[in-house]
Every structure is written in C-alpha cells, then in structure tokens.
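> Here you go, sequence then predicted model.
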Amino acid sequence: MTVARRDLLRDAAALAVLSAAIRSAGAQGEGLKVGKGLRDLSDETLDFFRMLGVRHVAMPSSYSLTRRRRGLVPATDTGPRSDAPMAVWDREELIRIQERLTKKGLVPLMVRLGRLQQVIHGGPSAAAELDAVKANVRFAGDLGIPVMEYSFTALRGSEGYGRTVGHGGIGLRDYDEARTRDLPPLTNVGTHNREQLWERLHGFLREVIPVAEQAGVRLAMHPNDPPIPSYRGVAQPVRSISDQRELIELVNSPANGITLDTGVTTEMGEDAVEAIRFFGGRDRINHVHFRNVQVEVPYYKYLEVPHDAGDCDMLACMRAFREVGYRYLLIPDHTPEFTDDTIGSEMGWAFAIGYLSALRHAAESERSG
C-alpha cells in the first residue's frame, strides 16, 4: 500500500470517528442547548466554558491558541480587501480543531462559513467562491457539523455604533443610524441596490442548498445587523421579518434557514416570541443568538443591554424555543463590558451563560412539572 493511500485511509477513518461522535453527542437529548461561539482554542478559554457547564459550541474554522480581546464596538467595515474568493478550508486543520474540542469534552454544532465577498459584490471570482462554499459545506457534512452560519451584506453599517455606560459604569454598545445617514459610498465597494443583492442571494441559494441537503448540513443566515435600509449606498437586503420570510421561500428546504437573533428581532420593533413561533413552527430556525436591547426608534436607534434589562421577554423566548422543539445551538453572542474583566471577557460571559442556563432550567421545568 502506498504512503498516500495509507494517509487517505487514516484521514477517512479519523473523519468517520469524529463525525459519529459529534452526531451522537449532538443528538443526546432534544433539549435546549445553551452554548458559546469560540474565537480561540486556548486551554484557558475551553476550560473556562466547561467550568460554566457549556458542552455545545460554535467552532472556529482556523486553529489558534491566541486569546484576543473582543472590542465592545465593532470595527468599521471597509469592504472586501481583495478580489480573491473565499478559500477552501484546510481539512487537516479542521480535523485538528475537532479533535481538540472533543478532548476537552466540547461538541461543535456550528461553524461560520466566513465572509462572502465575491458572490455578494457580484465580483469576477464569484463562481470560484461558490465552488469553495460548496467544498466547505461538504466538509462540514463529513465532520458531522449540522449547521453553518453566514451573513449576506455587501457592507455592514458598523460606523453607527458607539460606546456608552449603564448602571455602575458597565460598558454598553449603542446604535444610532443618524451617525451614518449622510456618509458617501466607498470607492472600493460602490453602490448595490436591493434588487441586485436579492438576485445574487437567490443564485447563491439555488447553487448551495442542494449541496447542503446532500451533506446533511443546514445553513443559517444572520439578518443584517444593524437592520437599516442602506449604508453608504449599499442596501441591506435581509433586514426585517418579511425579508426573512421571503428568504426561506426562495428555496423551500430546511437547509435554507435563519439565525433567529432575539436582539435584532427586537431592534426591528418586532415580537421575538412571535418570530420564534413562526420560523420555528416551519423548522427554519437553524441557529440562535440570544440577547436583549432597549429600543428608542425601531431599526434606527437602540441600546444593547444585559439580558435582564431590555425590551425582549427572555423567558418567554426560551419557552417558545422549547415549544417549537428547537434543537440546535443557542448562544449569547454579545456581552457588555465589565470593569477589570479579563481579556476573554469572562465576567460578561459568565453572567450571560448563567442567565441563559437559568432561563433554560425554568422553561424545561415547566414542561416536566
């Protein structure tokens, strides 16, 4: 037997073992799975979340042990950095990531697809990027990862965010569309209207959803956040509940689903519980971001706050996720800034995961009571 053939069989065997372990662990119990999205694979990070009782996670697609501070206010989006399409993942690297998580007792149930640059912008390498997306979806299926999250925006309105303080000096992120209303288009991005972006989105789904179905993978699109109509001449195509309803109708498949973000849904002035029941009742919620906001002007002006301080009824949302039988990840995707917190924002994440775990316990106790 040649060395190449032996290596191929070894890799295939490793994939089969990992995939079986992930599918089995993910299927254990159909209850709500409070988890965490990971940015690094350091012992400090992984051990901390295991201590909090986290078992299910969203895994990174690159192997890094470096802990980095996550800023409260996101960096300004300046558009694509090159005409290069999304890269095909390094299979050995993802297997290595899976093995590290498994050894720590963590089960990856979601991976982010990465930034779609060419497809969204209608760039010259859009076809090559679609091929890379399909390859990555197939590999996620090989690994037994059930969900891949992605976003579809040519330019995010991140310049509208700012920092403010709440009770006790806690750092909070606010958003005001007035900060960006008169900003001109970027020369490297240009203008993109809603019709163009929806045409590209439909083409993307027609190509990728059949591949996802065959791979046993579900796609979850995160709504445009902030959910404003446009930013620097770029339309935000999936910014409302009606947009998300239209999305799931473009290609009728459970593999074509959404990330239900309770924060963004509330930013829209919508009832997050009703949204959970609508999309969950159709089995189209494939991932969840669970956070809270105080809204001053729907879509345009709001404040991100701790889970217990906003307009969204968090317990009612948790009950609704239970009622619709939601079975994938439910993560707190943002945290306020606590004074003297660690580089990994462990105070913030401990509060968030503890709060979500308590809500889950309350919701599931009602069912069994």
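That came in fine, so what should we check first?
> what residue is smack in the middle of the protein?
By CA atoms, centre = their mean, the chain has its centre lying nearest to residue 149, at 5.0 Å.
> residue contacts, that one?
Going by CB atoms under 8 Å, 6 or more residues apart in numbering, residue 149 touches 58, 110, 111, 112, 113, 219, 220, 221, 222, 259, 286, 287. From N, CA and C alone the C-beta is placed, and that goes for glycine too.
> what pairs with the second one across the strands?
In this structure, residue 110 has beta-bridge partners residue 58, residue 147, where bridges are defined by DSSP bridges.
> how much space between it and residue 198?
Distance, residue 110 to residue 198, by CB to CB, to the nearest Å: 25 Å.
> For the two, indicate the residue with more neighbours.
Neighbour count, other CB atoms under 10 Å: between residue 110 and residue 198, residue 110 has more, with 25 against 18.
> In contact with that one, which residues are there?
If you count contacts by CB under 8 Å, 6+ apart, residue 110 has them with 37, 57-59, 145-149, 220, 287, 328-329.
> Return the closest of these with respect to residue 233.
Comparing the contacts of residue 110 against residue 233 with CB to CB places residue 149 closest, at 26.4 Å.
> Which strand or helix spans the residue nearest to the centre of the chain?
Element membership for residue 149, per DSSP states H and E: strand 147-151.
> Name the residues of that strand that come out as buried.
By 16 or more other CB atoms under 10 Å, the buried positions in strand 147-151 come out as 147, 148, 149, 150, 151.
> go on, stretch 152-172?
Buried residues in stretch 152-172, counted by 16+ other CB under 10 Å: 152-161, 166, 170-172.
> before we move on, what about stretch 295-303?
Result for stretch 295-303 [16+ other CB under 10 Å]: buried residues 295, 299, 300, 301, 302, 303.
> Stretch 279-292: end-to-end distance?
19 Å (CA to CA, to the nearest Å).
> Rounded mean pLDDT for that stretch, please.
Averaged across stretch 279-292, the pLDDT comes to 98.
> Could I get the buried residue list for that stretch?
By 16+ other CB under 10 Å, the buried positions in stretch 279-292 come out as 279, 280, 284, 285, 286, 287, 288, 289, 290, 291, 292.
> Which two among these are spaced furthest apart?
Greatest spacing in those, by CB to CB: 284 and 292 (22.7 Å).
> Look up how far residue 172 lies from residue 111.
Relative to residue 172, residue 111 is positioned 29 Å away (CB to CB).
> ok, now residue 86?
For residue 86 relative to residue 172 (CB to CB), the value is 33 Å.
> what do you get for residue 229?
Remark: distance between residue 229 and residue 172 (CB to CB) = 25 Å.
> Could you tell me which residues make contact with residue 259?
By CB under 8 Å, 6+ apart, residue 259 lies in contact with 149, 220, 221, 222, 223, 285, 286, 287, 288, 289.
> With adjacent residues omitted, what lies nearest to the first one?
Read it as residue 149. Counting by CB to CB, 6 or more residues apart in numbering, residue 149 lies nearest to residue 220, which is 4.6 Å off, once chain neighbours are set aside.
> Tell me, what's the model's pLDDT at residue 18?
Model confidence at residue 18, given as pLDDT, is 52.
> Then residue 103?
Listed pLDDT for residue 103 reads 97.
> likewise residue 31?
Model confidence at residue 31, given as pLDDT, is 89.
> Name the SS class of it, please.
Following DSSP: H, G, I helix; E, B strand; the rest coil, we place residue 31 in the coil state.
> thought it was touching residue 365?
No: contact criterion CB atoms under 8 Å: residue 31 and residue 365 do not qualify, at 11.4 Å.
> more neighbours, the two?
Using other CB under 10 Å, the more surrounded residue of residue 31 and residue 365 is residue 31, with 14 against 9.
> How about the more buried one: what's its closest non-neighbour residue?
Leaving aside its sequence neighbours, residue 31 sits nearest to residue 364 (CB to CB, 6+ apart; 6.1 Å).
> doesn't that neighbour fall inside a helix?
Yes: applying three-state DSSP, one finds residue 364 inside a helix.
> oh, and call the first residue 589 from now on, that's how I've got it
Okay, using 589 as the starting number, the last item reads as residue 952.
> what separates it from residue 906, distance-wise?
Distance from residue 952 to residue 906, by CB to CB: 9 Å.
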